[in-house]
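Colleague: Just to be clear, the model below is a prediction. Sequence and coordinates:
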Amino acid sequence: QVELVESGGGLVQAGGSLRLSCAASGRTFGTYPMGWFRQAPGKEREFVAAINWSGASTRYTDSVKGRFTISRDNAKNTVYLQMNSLKPEDTAVYYCARSKAVVMSTSRLLYDSWGQGTQVTVSS
């Protein structure tokens, strides 16, 4: 298990930007893929983006491609989600998670450690 703490959420107008951070404890951070998920009120938690252990490979859900960028700094045990051109439909609680698989996954079932979440609200 690893402890994950998200930060960087807030209220922003449509078209604006936010950068989420997820700080991880533990020495094995750099060996696992990481992911970002989000959950809007009344909806299931959905995949947003994932990054492999080195940062060389990434994956995104279609609705955020070209707007969001996931990255990681293994020296700082931190993963980031840069969100640009935000839309009201991006409003949700955003969670980072560590994969228990060696490859990136879009399924939340393959992630075994979760942060507490950070609220992102985009006003129209």
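Modeller: Perfect, thanks for sending it. Numbering: from 1, shown residues only.

Colleague: can you give me the strands for this structure?
Modeller: Here the chain has its strands, by DSSP state E, at 4-7, 10-13, 18-24, 34-39, 46-51, 58-60, 68-73, 78-83, 92-99, 111-114, 118-123.

Colleague: How far off centre is the first one?
Modeller: Read it as strand 4-7. Offset of strand 4-7 from its chain centre (CA atoms, centre = their mean, to the nearest Å): 10 Å.

Colleague: on that earlier part again, out of the strands of the chain, flag the one nearest residue 105.
Modeller: strand 92-99 (5.8 Å; CB to CB). C-beta coordinates here come from the backbone N, C-alpha and C atoms, glycine included.

Colleague: For the closest one, which strands pair with it and how are they oriented?
Modeller: Sheet pairing for strand 92-99, assigned by DSSP bridges, gives strand 34-39 (antiparallel), strand 111-114 (antiparallel), strand 118-123 (antiparallel).

Colleague: Tell me which residue lies nearest the centroid of the chain.
Modeller: residue 36 (2.3 Å; CA atoms, centre = their mean).
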